[in-house]
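Chemist: Fold the stuff below for me.
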Amino acid sequence: MKNIRQINLFYEALKKDFPFKGYIETSSEIGKETARLILSLLPFKSKVLDFGSGPVDKTALISRLGYDCYACDDLCDEWHLENNNRELILSFAEKEKIKFTLIKDGSLPYYQQEYFDAVLILDVIEHWHNSPRELLNTLIKYLKPGGYLFVGMPNSVNIRKRISVVMGKTNYCSLESFYYCGEPWRGHVREYTQMETEQLIKYQGLKIVYSFCINTMINKHNKLKNNYLKLTYKILTNIFPRWRDSILVIGQKPKYWKPVLYSPENAAKYIKRPVISRSI
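Modeler: Numbering: from 1, shown residues only. As a prediction, the model looks like this:
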């Protein structure tokens with residue numbers, strides 16, 4: 001309880017200082033939960049990398065709690081490039097004592113291997129166009145043995161999406177947002193279920209430490225305004241936790257971890273291929 005009160009105090013102060021009003025409220029629950037778990041897992045001054053940090057809202061909360069924070073992002077979403085938003089983000093990161101690396105040309109940033117105590121990859125993997133295997137290999141290399149990888153994203157089978165499909169609607173992004181987007185597409189490519197996220201961590205050779213789904217749709221800043229719908233949503237997702245809208249899974253790096261290499265055998269086993277008969 002002490003940690004939760006402390007986080008809430010820092011969060012309320014952060015809301016006043018954050019340069020984009022109303023932004024962090026939409027991701028507050030997963031940000032607070034990540035901060036709570038870092039407080040429970042890591043001593044103060046531990047080194048934390050936030051990969052794909054966006055405007056460093058979650059990173060700033062963790063930094064204010066007493067951690068040595070690093071962040072990286074290409075800051076190429078459309079709203080990042082509007083007005084002077086990118087400059088505001090970089091200035092805010094510096095003010096919050098976050099060591100920010102601006103990714104250029106799609107290249108992954110360079111950090112010393114086994115340098116960080118925790119690496120966060122929140123709301124990132126679902127945007128990845130290729131297999132996340134090589135990305136995760138790189139990020140896990142940066143982790144110290146015994147360090148923690150935090151993977152968070154929207155739940156591909158949350159109750160809102162289940163209802164949408166039953167109603168004949170899509171569970172993907174809206175057609176309009178995809179059709180009218182610039183190039184390349186920066187939206188969601190593949191979301192995961194909780195069990196798939198856990199399997200992803202296991203494929204990478206990490207031990208699952210925490211795994212749960214979180215409700216972010218029922219805070220006061222979300223689109224679910226009707227109190228009756230909120231209550232129904234809360235009851236149903238308490239009965240069926242895997243119907244909640246967001247996922248957070250934490251894996252721990254073992255002492256003798258090795259990167260996971262591409263395997264033609266696994267590709268042949270799991271990727272569907274057409275049946276081809278040779279003509280004589």
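Chemist: which residues of the protein fall in strands?
Modeler: For the chain, the strands defined by DSSP state E cover 47-51, 68-73, 99-102, 116-122, 143-154, 207-214, 246-252.
Chemist: As CSV, those with distance to residue 80, mean pLDDT and mean neighbour count would be great.
Modeler: (C-beta placed from N, C-alpha, C; glycine too.) As requested, those are exported to CSV (distance: least, C-beta to C-beta, whole Å; pLDDT from 0 to 100; neighbours: other C-beta atoms under 10 Å):
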stretch, distance to residue 80, mean pLDDT, mean neighbour count
strand 47-51, 15, 98, 25
strand 68-73, 8, 97, 23
strand 99-102, 11, 96, 17
strand 116-122, 17, 97, 23
strand 143-154, 20, 97, 21
strand 207-214, 25, 96, 16
strand 246-252, 22, 97, 23
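Chemist: Next, format the ones you listed as JSON lines and append distance to residue 31.
Modeler: Listed next are the strands of the chain as JSON lines, based on distance: least, C-beta to C-beta, whole Å:
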{"stretch": "strand 47-51", "distance to residue 31": "10"}
{"stretch": "strand 68-73", "distance to residue 31": "13"}
{"stretch": "strand 99-102", "distance to residue 31": "17"}
{"stretch": "strand 116-122", "distance to residue 31": "8"}
{"stretch": "strand 143-154", "distance to residue 31": "9"}
{"stretch": "strand 207-214", "distance to residue 31": "10"}
{"stretch": "strand 246-252", "distance to residue 31": "10"}
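Chemist: Out of those strands, the one nearest residue 188 is which?
Modeler: Smallest distance to residue 188 across the strands of the chain (C-beta to C-beta): 7.3 Å, for strand 143-154.
Chemist: With only the CA atoms kept, save the closest one in CSV.
Modeler: This file holds the C-alpha atoms of strand 143-154, laid out as CSV (Å, rounded to 0.1, in the frame of the first residue of the first chain):
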residue,chain,number,x,y,z
LEU,A,143,20.0,-7.0,-19.6
LYS,A,144,22.2,-8.2,-16.7
PRO,A,145,21.8,-11.8,-15.8
GLY,A,146,18.9,-11.9,-13.4
GLY,A,147,17.5,-8.7,-14.9
TYR,A,148,13.8,-8.2,-15.9
LEU,A,149,12.1,-7.8,-19.3
PHE,A,150,8.7,-6.1,-19.1
VAL,A,151,6.4,-6.7,-22.1
GLY,A,152,3.1,-4.9,-22.3
MET,A,153,0.5,-4.4,-25.0
PRO,A,154,-3.3,-4.3,-25.7
